[in-house]
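Undergrad: Starting from these lines, generate the structure:
(one chain, ligands or ions: 2)
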Amino acid sequence: MSTDAIVILKNDHKTIKKLFKEFQDAGENASQTKGRIVARIIEELTVHTYLENECMYPEVRKLLPDLEDDVLESYEEHHVADILCAELHTMEPSDERFDAKTTVLIENVTHHIDEEEKDWFPQVREGLGRKQLQELGARMNEMREKAPRSPSQPSALKKAVDAVTA
Ligand SMILES: [Fe+2]
Ligand SMILES: [Fe+2]
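TA: Ligands and ions are numbered 1, 2, ... in the order given. Modelled structure (predicted):
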């Protein structure tokens, strides 16, 4: 398993984008399948957001103050995704707004992932270097074990708020 923080986060992105595609390819009806895929999307996003909010973002903010505006924008984008995930978590796939809400989640998160991968990660890699990224990655691998997997776990939402208001 890689311990480079950016490689780890990009792997998560790949898993998440694959699930997005599965949802989009599932077809008009297929609400059972879509319900299952969305449950997995929510789980993957909850873990990934936790690792970024709790480890990656605060470290980058501390070590690379020039990237602070990007970090703050990212917290807000996570917050929007958190709300959509929390709402979807309580909905049934047969709900008339289920597909629409999932589509908006997918659009938002795809935009966010693109920004991270195209603008943000390259600057972080340049600023932190290999050793610091490996230390960060090792910490994230450890944190993954106890990360919340569902939006109903208090640590999932509370941490996002703490991270911004601290
Ligand atoms: Fe992110
Ligand atoms: Fe990410």
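
Undergrad: mind checking how far the host helix or strand of residue 105 is from the chain centre?
TA: Residue 105 is part of helix 98-115, with elements assigned from DSSP states H and E. Taking CA atoms, centre = their mean, to the nearest Å, one finds helix 98-115 lying 11 Å from the centre of the chain it belongs to.

Undergrad: start the count at 829, not 1, going forward
TA: Fine by me, first position is 829 from now on; the one you just mentioned is helix 926-943.

Undergrad: Quick one: the strands in this structure, in order.
TA: Read by DSSP state E, the chain holds no strands at all.

Undergrad: low-confidence ranges in it?
TA: Along the chain, segments meeting pLDDT under 70 span 829, 985-994.

Undergrad: Summarise which helices and strands the longest helix that the chain contains is packed against.
TA: In the chain, with assignment by DSSP state H, the single longest helix is helix 949-974. For helix 949-974, the contact count by 3 or more CB pairs under 8 Å, 6 or more residues apart in numbering; DSSP states H and E identifies helix 833-853, helix 859-879, helix 885-891 as packing neighbours. C-beta here means a position set from N, CA and C on the backbone, and glycine is covered the same way.

Undergrad: for those, which one ends up most surrounded?
TA: Highest mean neighbour count of these: helix 859-879, a mean of 20 (counted as mean count of other CB atoms under 10 Å).

Undergrad: Alright, I will stop here.
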